[in-house]
Every structure is written in C-alpha cells, then in structure tokens.
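**Q** Need a 3D model of the sequence below.
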Amino acid sequence: MRKTIVAAWSVPREGIVPALILTSACFLAGGLAGCLLAAQVGGAGETSLTGYLEAFLQASGQGAVELPALWTQIWDTFRWPLFALLLGFTALGVLGLPVLFSIRGFLLAFSIAAFVRAFGGAGWLLALLVFGVGGALALPALFVLGVQSFLSARALAARVRGEGAGHVLWGRACLTRCALCLGCVLGSILLERAVVPALLAGAAGALLNG
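**A** Below you'll find the predicted structure:
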C-alpha cells in the first residue's frame, strides 16, 4: 500500500526532455521579443532609460547603490519559482507555464539588452553582474520546478480529458528537488545582497575611470 501511495504522487520520468525543450523554447522566444523591443525603444523612452542606467552606473561607481528592501527582493526572486510550482497543481499549467517562462525570458532579455544598448560592450559585464550572479542559481531552480510542474499539469489535463489516471505531484523526489531549489533561491538572494554590490562598485569604477 505504501509503495502504491508513493508511486501515485511521484512525477513520471517520461516526458522530461520534451517538457524541458518546451519551457526552454518559450523562455528563448520571450528573450528574443525582449531584445527586439529594447532595440526599438527610441525618443523620450530611450533618453529616460539611458539616463536611468547612467545614474545607476554613477551610483555603483561611488558605492552608493541602495539595496532593495529584503522582503521586496525575496518576493521579486521567489515569485517566479513559486508561480511555476503552483501551476503544477492545475491542468491550466500546460498553458500557464509556457506563458510564465515567456514573460521571464522577455523581462530578463529586455533588461540585459538595455544595458548593452546604453553602454556597448561594457554593458555585457554590468548585466552579467546584475543578473548573472544570482541568476546562476535562481534560473536553474526555475527550470527544475517548471519541468516537474509541467509534467504534473499535463497529467491533470489528461485526467480532465478522461485519457488516464496519470501521476501528479508529490513524492519524495519532488520534495527533495523543491528543497534544493529553495536553497538555490536563498543562495541567489544572499549573493545579490552580499557580493553583487561590491563587484558592481569595482566594475563601475573601472569603467568610469577608464
């Protein structure tokens, strides 16, 4: 009986690669749209965006960048994996998860492209520090949760259509993955608060004085 219960709440291994391909494709499609939009920004919008980024660079070089409130940063970082996790509990996740990954890719790519457009080649370094240090932990966690949630949502959708029982969340393996993802997201926040400001100050100072 115990094995039956555990099996019923385990995410199936089959379909992991197609789910990863789908979420990655949506993320990249959103990223492409973000890059295109950043390239099209002009007029007052371009002036305002460039002015904001230049002020950010000046403040970073002087070590005067204020960290966001802790709870604000926690929400900004946790909302993406949280939404990905919750969408695994509904059949609508088969539609919601691709949309979620598209939006995440769009916002991230737009921000990176804005840095590159404002500062040229140096913008890549600044974008790497601002988004890459913490993202190196947060993004893999998002994809892990997104893939397992998509498998669960697909199984629920099959139940709704009467095409089979399927398997949905949860199981020990899923809980372990969620715990590891939680650790990654917390580590991302710690890096962004403890390491990124110092790295930004050094990079911005070198750019301004170079």
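**Q** Next, the buried residues of the helix or strand containing Thr72.
**A** Using DSSP states H and E, Thr72 falls within helix 70-86. Neighbour-count burial for helix 70-86, counted by 16 or more other CB atoms under 10 Å, picks out 73, 77-78, 80-81, 83-85. No exception for glycine: its C-beta is placed from N, CA and C like everyone else's.
**Q** just how off-centre is that helix within its chain?
**A** Using CA atoms, centre = their mean, to the nearest Å, the mean C-alpha position of helix 70-86 is found 9 Å from that of the whole chain.
**Q** So what's the residue count around the closest residue in space to Leu28 that isn't next to it in sequence?
**A** Excluding the flanking residues, the one nearest Leu28 by CB to CB, 6 or more residues apart in numbering is Gly105, at 6.3 Å. Other residues lying near Gly105 total 24 when counted by other CB atoms under 10 Å.
**Q** Can you report phi and psi for the most centrally placed residue in the chain?
**A** For the chain, Leu139 is the residue whose C-alpha lies nearest the centre (CA atoms, centre = their mean; 4.6 Å). Phi and psi for Leu139, reported as degrees, to the nearest 10, are phi -70, psi -50.
**Q** Can you dump the C-alpha atoms of stretch 177-188 in CSV for me?
**A** In CSV, the C-alpha atoms belonging to stretch 177-188 read as follows (Å, rounded to 0.1, in the frame of the first residue of the first chain):
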residue,chain,number,x,y,z
ARG,A,177,14.0,18.9,-5.7
CYS,A,178,11.9,21.6,-4.1
ALA,A,179,14.2,21.8,-1.1
LEU,A,180,17.2,22.1,-3.3
CYS,A,181,15.5,24.7,-5.4
LEU,A,182,14.7,26.6,-2.2
GLY,A,183,18.3,26.5,-1.2
CYS,A,184,19.4,27.8,-4.6
VAL,A,185,16.9,30.7,-4.5
LEU,A,186,18.0,31.7,-1.0
GLY,A,187,21.6,31.5,-2.1
SER,A,188,20.8,33.7,-5.1
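**Q** how close does the residue nearest to the centre of the chain get to Ala109?
**A** According to CB to CB, to the nearest Å, Leu139 stands 12 Å off from Ala109.
**Q** picking that back up, tell me the confidence at the residue nearest to the centre of the chain?
**A** Note for Leu139: predicted pLDDT of 96.
**Q** what does the one 3 residues further on give?
**A** Reported pLDDT at Leu142 in the predicted model: 97.
**Q** cool, and Val116?
**A** In this prediction Val116 is given a pLDDT of 86.
**Q** Same question for Ala84.
**A** Reported pLDDT for Ala84: 96.
**Q** wait, it sits on Val147?
**A** No: with contacts counted by CB atoms under 8 Å, Ala84 stays clear of Val147, the gap being 9.0 Å.
**Q** low-scoring stretches of the chain, by residue?
**A** Scanning the chain with the threshold set as pLDDT under 70 gives 1-14, 42-52, 54, 56-57, 59-65, 163-170, 205-210.
**Q** Give me the number of neighbouring residues for Ala179.
**A** Quick note: Ala179 (other CB under 10 Å) scores 10 neighbours.
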